[in-house]
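Chemist: Let's see this in three dimensions:
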Amino acid sequence: MNESMSESDSGGGGGGMELDPAFATIPKAKSCLCIWRVENFRLVAVPRESHGIFFKGDAYVIYHAEEIKKSANTSSTTPANLIQHIHFWIGSEATQDEAGVAAYKTVELDDHLSGNAVQHREVQGNESERFLSYFKPRGGVTYRQGGIASGFHRHQSTNEPRLFRLKGRHTVRLFEMAAIDWSHISRGDVYLLDLNEVIFIWNGSKSNKYERLQAMQRAKQLRDERGKTNIVIIEDGEEMKMNKDELKLFETKLLLKEKNMKLNTNEIMDDNDDDKRLDGTHIKLYKCSDESGTLKVTEKKAGPLMKIDLESEDAYIIDNGIYGIWVWVGRRSNPKERREAMRNALGFLQKKGYPKATKVCRVIDGAEPMEFIALFKIWNDPNAQKGLGKTYTKGHIAKMVSSQFDAVTMHSQPQLAAATQMPDDGSGKKEIFRIEQFKMIPYPESMHGIFFSGDSFVIQYTYNDQQRSYTLIYFWLGHYSSQDEQAAAAIGAVELDKKINGIGTIIRVVQDKEPLHFMAMFHGQMIIFKHGKRSGFRNLQYHDENTSENDDTYLLQVRGLSKYDTKAVQVDLRASTLNSNDCFVLFTPQSVYIWCGKGSTGDEREMSKVVASSKSKDPIMVFEGQEKDEFWNHFPHGQEPYASDKRLNDHQSSFINITNHPARLFEISNASGHTTAIEIPNFTQTDLDEDDVMLLDAWTSIFLWIGKNSNKTEMKDAERIAYDYLRTDPSHRDPDTPIIKTKQMYEPIHFIGFFGPWDRNYWTTKSSYETAKSILHADNRPEIYVELVRDKPKQNILNRTTVTKYPYELLLKAADELPEDVNPELREIHLNDDEFFQRFKMNYSDYASKPAWRQKELKKLAKLF
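Modeler: The predicted structure follows:
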C-alpha cells in the first residue's frame, strides 16, 4: 500500500468545505460510535451489527464520543463532558484514493466538530489501544478479505464458510484466510472455521492458552448473536476424538489426510499481536512553524518532556519513534496549522523513514488524552483530561483539604463538591444502625465511628444549606459480613428512604472504599475493627462487646491527610505490619503506645492521640528507630522486618502526581530476550492472569503482581523487568520509584483499589479451561449435523472435452467481455490441461471430485470466480 501522497494532500480543505451528509446523523453531545466506509469516494455508514469488521481493501472513518464528568474552568467550545476522537483506518490493500478520501473526510468532520476532536491515523494490524478498545465488547476486530475496489458488496455471501486466524492475548484480532485449506494453518496459532451453524476451533499444538480462551469467548459471542450455533473445540493431533458427525462435517472442509502434507510449518510471526513497548527513551520534541509560508520543523529538545515545553501559540511534533508520532496544536495557533497538522505529521513520518504503519495522532491544547499525557514527566494541568473512567481521584482532594467544606460553600460551587464528593463538612445529624439478626438495631452514640469488618451498618445523615435539608443514606458493608447481612443493610436503607418519602440519596459503601464525605462524618475518629457482632468477637471496652483475654492487645493502623479523610484500621498484631509511612496505636493491658513512622504526617499523629485517648490520656510516643525492647515484647513474634520504602516526602505531592498520571496495567515478558510491556486498556481484576507477571504503574510506585503459575524466570527477574520498564519509559521516570511486589491472593488494599470491584474468591471460583470447553460443548445440538453433511446432487457440468479452450488471461475478464460460449460460472473448463494444473495445482479429474463448496474455494484462489 502506498497512500502517503494522497493522505498528505488531504489537509488543505478550508473551513468553508461543504459538510458530507453522512455526518448529519451524528448524535449531538452524546456518547456514540459511528463508522463509515469509503465507497466510490463517498462515505457510507456501516450498520451497527457490522461494527468491528474491516475489509483489507477498504478505508474507514470512525467517530467515537464519550461523556465524562465535567472539569472545572474548561475553555473548550465543545461541551466539557464530551470527549471526541476521530480515526481514519486504512486497510493493507486499500488504494491511495481510498486512503486519501478517509484522511480528507477526517479533516472535514473535525471542522464540523469545531476542531476539538483528537485525530488518529490507524493502519491495519497496528491500531492504537484506544481504537481496539471500542470493539472489545464485540470480541475484537475482524479483518475480512476483499473490499469495494475489488468488487465486494457488503451483503454478498455473508453465510459462506470462512477460516479465521485469531491473534491477541488481551485485544483480539481475527484475520480471514484467503481460503479454507491446511496450507493456511500453522501449529503456532488458533483458528476458527466458521460454518455459520457450526464453529470449529482448532488449537495448534504451539498456540498459547490465552488465544485459546479468547477463541472460546469469541465463538460463544457469535453463538449468542446468532441464537443457534454449535461449537466444537479441537486440539491439534486429537481430531479423531471428535464424534463421527462432527468429524464428517469437519472433513467436508479440511481433509485430515491432507493435514500433514499441507500444514504450514513456517510459524507465522506477528509483531502486531499487541502493541509492545520496548524502548521509548529517545523521545524528542519538535516545533512547527510556517511563518515563511512553508513548513519548518525544528528540534526543540530531547526528553524528558514537561507540559511547560508546549506553548499555546505554536504547534509541536512529539517524536516517539516507531511507537508513534503526536502533533500537539496550541489553542492560539492559527487555523491553518490546526487543519494541516495531520498532513504535516505524515510528511514528518516520511522524512524520518519510519514504517508506514506507525501511529500518528493529532491532539488539541486542553483536550489531551491519557496516552499523550503519559509521555511527559511532569504534566501539571488541573483541566487535563484524565482518560476514560473516573475523572477525579483522591489526589485532587488532597490539594483542597484546607478548603471550607460547609454546605453553603459546597452548594455554591457544585464543581468543587463533585470533585471532592463533599456535599458538606460532615457536621450534620447522624443516625446509625447495625444489622443484627437481619434487623436494623440503633447503634449507641458513644459507638459512632466504630465499625467492625464482620458487620454491616446503615447511616442516615441529614444536613442543611440554609434553604433546605438534605438526606444521605449510606449502607456500609464490612469485608466479612455475610451476604444476608449485606442484603438486610440494603433493604434497611430503602426502608429509611421510604420513611422520608423517598427524598434521600442512597449510597452503597464497601469497607476500605469509603468516600471522603463518609469519613468526614466522623471527624477523624473512624475506626474499623476486625470481626463483628455475628462472630461473637468482643473488642476494646465498648459495652456491647465482651472483651476476652486474648483481645486485650491489638494494633490499629492510622492513615489520612486530614480530619476529613483519616481513619484507623485494626491490623494483625505483628511487627511486620508496621510501615514507615504511617502511625500505629498499640493497645496492651497496661499501656497504650503510638508508633510514628518517619514518613507519617502530623495529622496522622494527632489522630493517633485521639484513638489512644479512648483508653489512655497519656499514651507513650514511640518514634521509628527509637523503640525499646518493651515495645517489641508486646508482639507475639517480636521484632520483624517491615515495609520501610519511602513514599514521596510530601504526601500531597504524591497524590497530585497520581491525579495527572492515571494507573496503567501491563503484561510484562522477557521471553524474546528483551523486555516487552503489553498495555491492557480499561483493565479490571479479570486481566490479572495467574500464569503471568503483571506490572501496575501507579506513577509514584510500581507494583509487580506475581501470578501463582507465572514463569519462574520472570518471577526471578521481576525486579529487573520493573527497572527496565522505568528506564525505557518515554517520560524519563525516576529510577528510584518504589517497586512493590505482591503475590496472587495476597494483594494489599492499595493495590486492589486500582481495579474497581474486587472479588477475593475470583481465582478459586474461575472455571478451568477444560470446564469451559465442556460447558460450551454441552449446549450443542447433535441433530444439526444431519442436515449439514447430507449428500448434495452433483453439479451438472458441461463436457469439458468438447468446449473451446482459451488463455487464462482472457478468462480473467469481466463477464460481459468473455467469449459468447464461456459460462462465467464455469470458466475453469475452458483451460487446457497444463494451464489448469498450473493454476489449480491438481488435474481436472481431482478437481471434479471435490464438493461444490471446495470447487468454489479453489476457483477463488485461481481468481476464476
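
Chemist: can you pull the contacts of residue 147?
Modeler: 55, 56, 57, 58, 91, 93, 94, 98 (Cβ atoms under 8 Å, 6 or more residues apart in numbering). Any C-beta I mention is one placed from the backbone N, CA and C, and that applies to glycine too.

Chemist: Need the pLDDT of the residue nearest to the last one when sequence neighbours are not counted.
Modeler: Translated: residue 98. Sequence neighbours aside, residue 59 is the residue nearest to residue 98 in space, at 4.1 Å (criterion: Cβ to Cβ, 6 or more residues apart in numbering). With respect to pLDDT, residue 59 has a value of 93.

Chemist: tell me which residues form a beta bridge with residue 59?
Modeler: residue 90 (DSSP bridges).

Chemist: So what's the residue count around it?
Modeler: Residues lying near residue 59 (other Cβ atoms under 10 Å) number 35.

Chemist: Hmm, residue 96 and it touching each other?
Modeler: No. Using Cβ atoms under 8 Å as the test, residue 59 is too far from residue 96 to be in contact (9.9 Å).

Chemist: Where does the prediction get shaky in the stretch 1-150 of the chain?
Modeler: Counting by pLDDT under 70, the stretch 1-150 of the chain has low-confidence residues at 1-17, 68-81, 149-150.

Chemist: For it, which segments count as helices?
Modeler: 4-8, 96-112, 129-133 (DSSP state H, counting those that start in this stretch).

Chemist: now for the last one, which elements pack on it?
Modeler: This points to helix 129-133. Counting contacts by 3 or more Cβ pairs under 8 Å, 6 or more residues apart in numbering; DSSP states H and E, helix 129-133 is packed against strand 82-90, strand 118-123.

Chemist: and of these, who's closest to residue 440?
Modeler: Closest to residue 440 of the helices and strands packed on helix 129-133, according to Cβ to Cβ: strand 82-90, at 42.3 Å.

Chemist: and the angle from that closest one to helix 96-112?
Modeler: Relative orientation of strand 82-90 versus helix 96-112 (axes from the mean of the first three to the mean of the last three Cα atoms, to 10 degrees): 170 degrees.

Chemist: Against residue 429, how distant is residue 330?
Modeler: 51 Å (Cβ to Cβ, to the nearest Å).

Chemist: Helix or strand with the lowest mean pLDDT in the protein?
Modeler: Lowest by mean pLDDT, DSSP states H and E among the helices and strands of the chain is helix 651-660, with a mean of 38.

Chemist: Model confidence score at residue 814, please.
Modeler: 83.

Chemist: That one - how many residues pack around it?
Modeler: 8.

Chemist: And the helices in the stretch 501-650 of the chain, which stretches?
Modeler: Under DSSP H, counting those that start in this stretch, the stretch 501-650 of the chain gives helices at 516-520, 602-612, 629-632.

Chemist: Quick one: mean pLDDT over the longest one.
Modeler: Pointing back at helix 602-612 there. On average, helix 602-612 scores 83.

Chemist: Start and end of stretch 302-319, how far apart?
Modeler: End-to-end distance of stretch 302-319 (Cα to Cα, to the nearest Å): 9 Å.

Chemist: returning to that earlier point: most packed of the helices of the stretch 1-150 of the chain?
Modeler: Counting by mean count of other Cβ atoms under 10 Å, helix 96-112 has the highest mean neighbour count of the helices of the stretch 1-150 of the chain, with a mean of 23.

Chemist: what angle separates that helix from strand 118-123?
Modeler: 170 degrees.

Chemist: that older thread, what sits against the residue nearest to residue 98?
Modeler: Contacts for residue 59 (Cβ under 8 Å, 6+ apart) come out as 37, 38, 88, 89, 90, 91, 94, 98, 99, 101, 102.

Chemist: Next: residue 818.
Modeler: 810, 811, 824, 827.

Chemist: buried ones in stretch 160-173?
Modeler: Residues 161-173 are the ones in stretch 160-173 that count as buried (16 or more other Cβ atoms under 10 Å).

Chemist: now do stretch 300-312
Modeler: Of the residues in stretch 300-312, those buried (16+ other Cβ under 10 Å) are 303, 304, 305, 306, 309, 310.

Chemist: Could you dump those residues into JSON lines and include distance to residue 644, pLDDT and secondary structure?
Modeler: Formatted as JSON lines, the buried residues of stretch 300-312 follow (distance: Cβ to Cβ, whole Å; pLDDT from 0 to 100; DSSP: H, G, I helix; E, B strand; the rest coil):
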{"residue": "303", "distance to residue 644": "31", "pLDDT": "75", "secondary structure": "coil"}
{"residue": "304", "distance to residue 644": "28", "pLDDT": "80", "secondary structure": "coil"}
{"residue": "305", "distance to residue 644": "33", "pLDDT": "82", "secondary structure": "coil"}
{"residue": "306", "distance to residue 644": "31", "pLDDT": "82", "secondary structure": "strand"}
{"residue": "309", "distance to residue 644": "36", "pLDDT": "86", "secondary structure": "helix"}
{"residue": "310", "distance to residue 644": "38", "pLDDT": "85", "secondary structure": "coil"}
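
Chemist: Kindly indicate which of the residues you listed lies nearest residue 284.
Modeler: Closest to residue 284, out of all of the buried residues of stretch 300-312 and judged by Cβ to Cβ, is residue 303, at 7.0 Å.

Chemist: can I assume the closest one is in contact with residue 732?
Modeler: Yes. With contacts counted by Cβ under 8 Å, residue 303 reaches residue 732, the gap being 5.1 Å.

Chemist: The residue lying closest to residue 575 once chain neighbours are set aside and residue 608: what is the separation?
Modeler: Sequence neighbours aside, residue 640 is the residue nearest to residue 575 in space, at 4.3 Å (criterion: Cβ to Cβ, 6+ apart). Distance from residue 640 to residue 608, counting by Cβ to Cβ: 21 Å.

Chemist: Kindly state the beta-bridge partners for the closest residue to residue 505 other than its chain neighbours.
Modeler: Excluding the flanking residues, the one nearest residue 505 by Cβ to Cβ, 6+ apart is residue 472, at 5.1 Å. Applying DSSP bridges to residue 472 gives these bridge partners: residue 461, residue 505.

Chemist: now the helices of the stretch 501-650 of the chain as JSON lines including mean neighbour count and distance to residue 831?
Modeler: Output for these, formatted as JSON lines (neighbours: other Cβ atoms under 10 Å; distance: least, Cβ to Cβ, whole Å):
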{"stretch": "helix 516-520", "mean neighbour count": "22", "distance to residue 831": "78"}
{"stretch": "helix 602-612", "mean neighbour count": "20", "distance to residue 831": "86"}
{"stretch": "helix 629-632", "mean neighbour count": "13", "distance to residue 831": "92"}
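
Chemist: closest to residue 264 out of those helices?
Modeler: helix 516-520 (58.4 Å).

Chemist: And the closest one, what does it pack against?
Modeler: If you count contacts as 3+ Cβ pairs under 8 Å, 6+ apart, helix 516-520 packs onto strand 469-477.
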